[in-house]
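Visitor: here you go, sequence then predicted model.
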Amino acid sequence: MSKATDDSLVARAKSAAAAVAALADRTENERRMPAEGVRALVDAGVFKLLVPRELGGSEAPIPVVLEVLEAIARADGSAGWCAMIGSTSALMSVYMDLAVAKEIYGPTDAITCGVFAPMGRAERVDGGFRVTGRWPFASGCEHSSYRMGGAIVVGGEPNLLPSGVPNVQCMLFRSEETRIIDTWDVSGLRGTGSHDIEVEKVFVPSERSFSLITDKPKHPSPIYRVPFFGVGAAAIAAVALGIARGAIDAIVALARSKMPLGAKRSIAHRELVQLQMAQAESKVRAARAFLYEAVADAAHEAEAGELSLEKRALIRAAASHAAEESAAAVALAYHTGGATSIYSKNPLQRHFRDIHVVTQHIMVGPVSATLAGRVLLGLESDTSTL
């Protein structure tokens, strides 16, 4: 892909970001992305960034994907999260045969979502599986045409990983085969519609089932050699960075205009505010640099073959660090705004709530960072989801 094409994808994303920013209050109140917001992301090609070109996707380099997600999350955290879920779950396209992937991802408005956690039970039957399960945190499920759920397969010889735990088999359902259970009443990222999805004895043909742990991508492009879980963690971190950038935008505007009672100059002239601004900016820029460096190094190594454990670990360390530092930067912006930050009309309170939902995700939390540390120390570890 040429630099001009990469720049075009980012420019289109920034245009879509302006559209979702105007819908932010509706997204929050309705607890889902309005159809106009979804359409803006579809038109910008966001959901097909990582889909192979022969399926109508962009097959975009991972750094470009991160830049797109940052731009959207800067405008609205919930929209950024939905963009992240739709774009990264589209990596499932390279784990299926081309004909099957084309049926799912060929349409211009193709959107998928998924929950990897093995909350389902899949019974082996002729031609596939009979699946029952319920999965929480199914972000973007209301605007997705296909929904994935992780399952443990029963019947026949057990499919175990080297660690001895069962392999997770991903099951891809048509939207009409699932039931959405309204559970998403939360503090932050309220507009992501991350409800529970449920299926009961739904037949999934073998061609719509795969393992993100043991199966290899069927597409030869080097971008697909970076493990699914590493791309996912980096994408979550990009959303965190975008939210933090949005908070910095908000506090700069507030600091320049807020005049304390009896003061002759805005709070931007206070030394403490100036220090906090420098600290927030430094945290976001430094964390972003590490994330993009780790991803670029991994992409370069992937050009030559398989990714080393060290490069995989560094992506996860960088992603966890970016989420943590983004939260710290948002906190600085929020506290700098004083009592003004708590009003619902002020975007800082939303940034504060949103970022602290992002940091709860296991892919950028302490468990992920600890695994990265174990690998970097050379300790024996289960790296199946690294």
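Guide: Perfect, I can see it now.
Visitor: can we go C-alpha only for contacts and neighbour counts from here?
Guide: Fine.
Visitor: with adjacent residues omitted, what lies nearest to residue 322?
Guide: Among residues not flanking residue 322 along the chain, residue 287 sits closest, at 4.8 Å (CA to CA, 6 or more residues apart in numbering).
Visitor: show me what contacts that neighbour?
Guide: 318, 321, 322, 325, 326 (CA atoms under 8 Å, 6 or more residues apart in numbering).
Visitor: I'd like to know how many residues surround residue 81.
Guide: 27 (other CA atoms under 10 Å).
Visitor: let me redo that: residue 249
Guide: Residue 249 has 15 nearby residues by other CA under 10 Å.
Visitor: pretty sure it belongs to a helix, no?
Guide: Yes - counting by DSSP: H, G, I helix; E, B strand; the rest coil, residue 249 is located in a helix.
Visitor: pLDDT score for it?
Guide: pLDDT for residue 249: 98.
Visitor: from residue 355, how far off is it?
Guide: 15 Å (CA to CA, to the nearest Å).
Visitor: distance check, the residue nearest to residue 322 against residue 240.
Guide: 10 Å.
Visitor: can you check residue 145 too?
Guide: 26 Å.
Visitor: same check on residue 44?
Guide: Taking CA to CA, one finds residue 44 at 21 Å from residue 240.
Visitor: same deal with residue 337?
Guide: Counting by CA to CA - residue 337 and residue 240 are separated by 20 Å.
Visitor: what about the two, which has more around it?
Guide: A side-by-side neighbour count of residue 337 and residue 240, using other CA under 10 Å, places residue 240 first with 38 against 22.
Visitor: number of residues surrounding residue 149?
Guide: Neighbours of residue 149 (other CA under 10 Å): 30.
Visitor: again but with residue 293, I slipped
Guide: Neighbours of residue 293 (other CA under 10 Å): 16.
Visitor: buried ones in stretch 242-249?
Guide: 242, 243, 244, 245, 246, 247, 248 (16 or more other CA atoms under 10 Å).
Visitor: how far away from the center of its chain is that stretch?
Guide: 17 Å (CA atoms, centre = their mean, to the nearest Å).
Visitor: over to stretch 218-232?
Guide: 15 Å.
Visitor: which residues does stretch 183-197 contact?
Guide: Residues contacting stretch 183-197 (CA under 8 Å, 6+ apart): 27-33, 77-79, 81-82, 134-142, 178-182, 350, 353-357.
Visitor: report the buried members of the residues you listed.
Guide: 27-28, 31-33, 77-79, 81-82, 134-142, 178, 180, 350, 353-357.
Visitor: about what we covered before: spit out the residues that contact residue 287 and residue 240 alike.
Guide: 322, 326.
Visitor: what about residue 281, how many neighbours?
Guide: 18.
Visitor: okay, the contacts of residue 287 in a markdown table with neighbour count, distance to residue 93 and secondary structure next?
Guide: As requested, the contacts of residue 287 are arranged in a markdown table below (neighbours: other CA atoms under 10 Å; distance: CA to CA, whole Å; DSSP: H, G, I helix; E, B strand; the rest coil):
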| residue | neighbour count | distance to residue 93 | secondary structure |
| --- | --- | --- | --- |
| 318 | 26 | 26 | helix |
| 321 | 23 | 29 | helix |
| 322 | 31 | 28 | helix |
| 325 | 23 | 32 | helix |
| 326 | 33 | 31 | helix |
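Visitor: any idea which helix or strand carries the nearest residue to residue 81 once chain neighbours are set aside?
Guide: Using CA to CA, 6+ apart and skipping the chain neighbours, the partner closest in space to residue 81 is residue 239 (6.4 Å). According to DSSP states H and E, residue 239 maps onto helix 228-257.
Visitor: residue 200 now?
Guide: strand 195-205.
Visitor: can you list contacts of the helix or strand just after that strand?
Guide: Next along the chain after strand 195-205, taking DSSP H and E as the criterion, comes strand 209-210. Strand 209-210 is contacted from outside by 95, 96, 169, 170, 171, 172, using CA under 8 Å, 6+ apart.
Visitor: just give me the closest of the residues you listed to residue 200.
Guide: residue 171 (12.7 Å; CA to CA).
Visitor: pLDDT below threshold where in this protein?
Guide: The model of the chain has pLDDT under 70 over residues 1-2, 4.
Visitor: all helices for it, in order.
Guide: Applying DSSP state H to the chain gives helices spanning 3-22, 24-30, 35-43, 62-75, 77-89, 98-105, 228-257, 271-304, 309-336, 347-358, 366-376.
Visitor: point out the most buried one among the ones you listed.
Guide: Highest mean neighbour count among the helices of the chain (mean count of other CA atoms under 10 Å): helix 77-89, with a mean of 29.
Visitor: output the contacting helices and strands for that one.
Guide: helix 62-75, strand 112-125, helix 228-257, helix 347-358 (3 or more CA pairs under 8 Å, 6 or more residues apart in numbering; DSSP states H and E).
Visitor: now do the phi/psi pair for residue 31.
Guide: phi 60, psi 30 (degrees, to the nearest 10).
Visitor: tell me who's in contact with it.
Guide: 184, 185, 190, 191, 192, 193.
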